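[1] give me a 3D structure for the following:
(one chain, ligands or ions: 1)
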Amino acid sequence: MEIRKAKVQGFCFGVAITVKKAEEAIGSRSDVTTLGHVVHNPQMVESLEQRGLRNAGSVDEVESGALFVRAHGLPVEVFEKAAEKGLEVIDATCPMVTKIHVQAERLKDDGYKIIVVGDPKHPEVKGTLSHVPGAWCIETVEDIEKLPRSSKVGVVVQSTYSRERFTDIVKALSEKYYEVRAVNTICTDTNNRQTEALRLAGEVEVMVVVGGKTSANTKHLAELAETHGARSYHIEGPDELRAEWFDGIAVTGLMSGASTPGWLVDQVETRIKELTRQPV
Ligand code: SF4
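    Model prediction:
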């Protein structure tokens, strides 16, 4: 059986920067705390925690030391609280996420009612919403009918959102509102991976997508491949692979989410070869 790997693998540049900054921080001090996992990858999280990175549920639980801000960013009020508490902030917010904040603020300054497209429970979206108080957040086309009237709306989107779904949402918003100014803030890495998922889905029968179960971009890649013809499996690591997935299959695709380290993809590839009795 042939394994076709996506051209884009391993960490996106935003996660790579975050992990590097976290490693530097815990290499030089022992009082670094992050709110929530630094990356959506259990193996990487465990490795950082073993090397001393602490994890807290809220800034209220951090009494001293440094607050590490992961790639998703944090709401404005958390930065303010950290400053009040005298915490040192190590800010590893991805530049692509900061760009979304800036775009949303610009649209607001220009008088648009802001709509943030994405998962309202996702930390990145919570951060974006904090920059534009009063903004509306929608996740699906169906949410549009519940939105109030407005003369002009300005739209930004979660960095890892599905490109196809965003296009549908902008189209539907254009049917409801007189003026729609939409900025496609889906990041370049997500775009590239979605393009690869589409390309590979047309070439393979089965697609294995490696990434944390809570990773939005990994979920979207698996959905995209599935809806474009490849039977897809979203796994966190090699132990979840099953030999029967590959029975009678000639070509399998392999790709990863933005927070999956390259070495984990290599392990998955090795395990697929073992299960299908190919030389490793
Ligand atoms: S997925 Fe995109 S926005 Fe998110 S950390 Fe990676 S590069 Fe940045």
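[2] what residue in the stretch 1-150 of the chain comes nearest to the ligand?
    residue 14 (2.5 Å; Cβ to the nearest ligand atom). Quick note: C-beta positions are derived from backbone N, CA and C, even for glycine.
[3] can you list the domains in the protein?
    Residue ranges for the domains of the chain, per automatic domain parsing: 2-10+189-275, 13-93, 96-186.
[4] these into a markdown table, with extra columns for mean pLDDT?
    Below are the domains of the chain laid out as a markdown table (pLDDT from 0 to 100):
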| stretch | mean pLDDT |
| --- | --- |
| domain 2-10+189-275 | 95 |
| domain 13-93 | 95 |
| domain 96-186 | 97 |
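[5] adding mean neighbour count, write those out as JSON lines.
    As requested, the domains of the chain are exported to JSON lines (neighbours: other Cβ atoms under 10 Å):
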{"stretch": "domain 2-10+189-275", "mean neighbour count": "19"}
{"stretch": "domain 13-93", "mean neighbour count": "18"}
{"stretch": "domain 96-186", "mean neighbour count": "18"}
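[6] contacts only, for residue 14.
    Applying Cβ atoms under 8 Å, 6 or more residues apart in numbering, one finds that residue 14 lies in contact with 71, 94, 95, 96, 97, 187, 189, 258.
[7] ok, and the closest non-adjacent residue to the last one?
    Just to be clear, that refers to residue 258. In this structure, residue 258 finds its nearest non-sequential neighbour in residue 12, 3.8 Å apart by Cβ to Cβ, 6 or more residues apart in numbering.
[8] ok so, going back, mind telling me what element the residue of the stretch 1-150 of the chain closest to the ligand is part of?
    Element membership of residue 14 [criterion: DSSP states H and E] is helix 13-28.
[9] let's see that helix as CSV, backbone CA atoms only.
    Backbone C-alpha positions of helix 13-28 (Å, rounded to 0.1, in the frame of the first residue of the first chain) are rendered in CSV as follows:
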residue,chain,number,x,y,z
PHE,A,13,5.1,28.5,12.3
GLY,A,14,2.9,30.0,15.1
VAL,A,15,3.0,26.8,17.2
ALA,A,16,6.7,26.4,16.4
ILE,A,17,7.4,29.9,17.8
THR,A,18,5.2,29.2,20.9
VAL,A,19,6.9,25.9,21.7
LYS,A,20,10.4,27.5,21.2
LYS,A,21,9.4,30.4,23.6
ALA,A,22,8.0,28.0,26.2
GLU,A,23,11.1,25.9,26.1
GLU,A,24,13.3,28.9,26.5
ALA,A,25,11.2,30.2,29.4
ILE,A,26,11.2,26.9,31.3
GLY,A,27,14.9,26.5,30.6
SER,A,28,15.8,29.7,32.4
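[10] tell me how far that helix lies from the chain's centre.
    Centroid separation for helix 13-28 versus its chain: 17 Å, with Cα atoms, centre = their mean, to the nearest Å.
[11] can you check stretch 182-190 too?
    12 Å.
[12] name the residues that touch it?
    For stretch 182-190, contacts defined as Cβ under 8 Å, 6+ apart pick out 8, 12-14, 94, 96, 99-100, 103, 107, 154-161, 163, 166, 170, 173, 217, 220, 258.
[13] what does the stretch 151-280 of the chain put close to the ligand?
    159, 160, 187, 189, 190, 217, 258 (Cβ under 6 Å from any ligand atom).
[14] can we see that at 5 Å?
    When proximity is defined by Cβ under 5 Å from any ligand atom, the stretch 151-280 of the chain lies next to the ligand at 159, 187, 189, 258.
[15] please flag which of those sit within helices.
    In helices, judged by DSSP state H, the following of these are found: residue 189.
[16] which ones among the residues of the stretch 151-280 of the chain next to the ligand map onto strands?
    Among these, no member falls in strands (DSSP state E).
[17] list the residues that contact residue 110.
    So residue 110 contacts 154, 181 (Cβ under 8 Å, 6+ apart).
[18] and stretch 84-103 with the ligand, contact?
    Yes. Against the ligand, stretch 84-103 shows contacts by Cβ under 5 Å from any ligand atom at 94, 96.
[19] would you mind measuring the gap between the ends of that stretch?
    End-to-end distance for stretch 84-103: 27 Å, by Cα to Cα, to the nearest Å.
[20] quick check, residue 114 in a strand?
    Yes. Counting by DSSP: H, G, I helix; E, B strand; the rest coil, residue 114 is located in a strand.
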